[in-house]
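Colleague: here is a sequence with its predicted model. Questions after.
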Amino acid sequence: MYKCDLCHERLAKGMIPACVEACGMRLGDRRPLFFGRREEMRKMAHARAKEIGGFIYGEEENGGTATFYVSRVPFERIHARLREEKSSLLMGKVQNALDDVNRWAKGFLFGPLAAVAGAVGLALFHRRNEGKGGK
């Protein structure tokens, strides 16, 4: 068993994942799987949710996911049911790992800038004091 990589070898050739292609061949416009750019899929999810009076999961949850799910049942109800059953499918809130990376990146960016600004300020301070001492 392996984790789905969305048929990486097919994507490299400009093709869509096999499951999406097979689903489309079998079900046509009624197919439940689509593949494309995130913004295009987001618009499609909103159109489908509006059409069926449904709800979207994956747009904001956990920082926004790579997959959108559209359901007639509110995802809060699904989540509550999983919690009642103490389901192993229930995942905890995922921390956005990029938050930590962004903090470090800002430190690496602003740390040297602050050091240069401090050195320039110190040099100007010493220069001003030397000018006063020479008079």
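Modeller: Done, it's in.

Colleague: quick one: Pro32 and Ile78, what's the gap?
Modeller: Distance from Pro32 to Ile78, counting by Cβ to Cβ, to the nearest Å: 16 Å. To be clear about C-beta, it is placed using only N, CA and C from the backbone, and glycine gets the same treatment.

Colleague: which one of the two has more residues nearby?
Modeller: More neighbours surround Ile78 than the other of Pro32 and Ile78, with 16 against 10 (other Cβ atoms under 10 Å).

Colleague: pretty sure that one is touching Tyr69, no?
Modeller: No. Here Ile78 does not reach Tyr69: they are 9.6 Å apart, not a contact under Cβ atoms under 8 Å.

Colleague: contacting residues for Met41?
Modeller: Phe34, Phe35, Phe68 (Cβ atoms under 8 Å, 6 or more residues apart in numbering).

Colleague: by neighbours, which of those residues wins?
Modeller: Most surrounded of the contacts of Met41: other Cβ under 10 Å gives Phe68, at 19 neighbours.

Colleague: tell me the contacts of the nearest residue to it once chain neighbours are set aside?
Modeller: Nearest residue to Phe68 in three dimensions, chain neighbours excluded: Ala45, at 4.0 Å (Cβ to Cβ, 6 or more residues apart in numbering). The contact partners of Ala45, taken as Cβ under 8 Å, 6+ apart, are Ile56, Gly58, Glu59, Phe68, Val70.

Colleague: give me that answer again for 6 Å
Modeller: Contact partners of Ala45, counting by Cβ atoms under 6 Å, 6 or more residues apart in numbering, are Ile56, Phe68, Val70.

Colleague: tell me the one of those residues nearest Lys106?
Modeller: Phe68 (30.9 Å; Cβ to Cβ).

Colleague: didn't that closest one look like it was pressed against Gly58?
Modeller: Yes. Using Cβ atoms under 6 Å, Phe68 is in contact with Gly58, at 4.4 Å.

Colleague: can you show me the helices along the protein?
Modeller: 8-12, 18-27, 38-52, 75-84, 97-133 (DSSP state H).

Colleague: could those be laid out in JSON lines, adding mean pLDDT and distance to Tyr2?
Modeller: Output for the helices of the chain, formatted as JSON lines (pLDDT from 0 to 100; distance: least, Cβ to Cβ, whole Å):
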{"stretch": "helix 8-12", "mean pLDDT": "94", "distance to Tyr2": "11"}
{"stretch": "helix 18-27", "mean pLDDT": "90", "distance to Tyr2": "14"}
{"stretch": "helix 38-52", "mean pLDDT": "94", "distance to Tyr2": "24"}
{"stretch": "helix 75-84", "mean pLDDT": "81", "distance to Tyr2": "25"}
{"stretch": "helix 97-133", "mean pLDDT": "81", "distance to Tyr2": "23"}
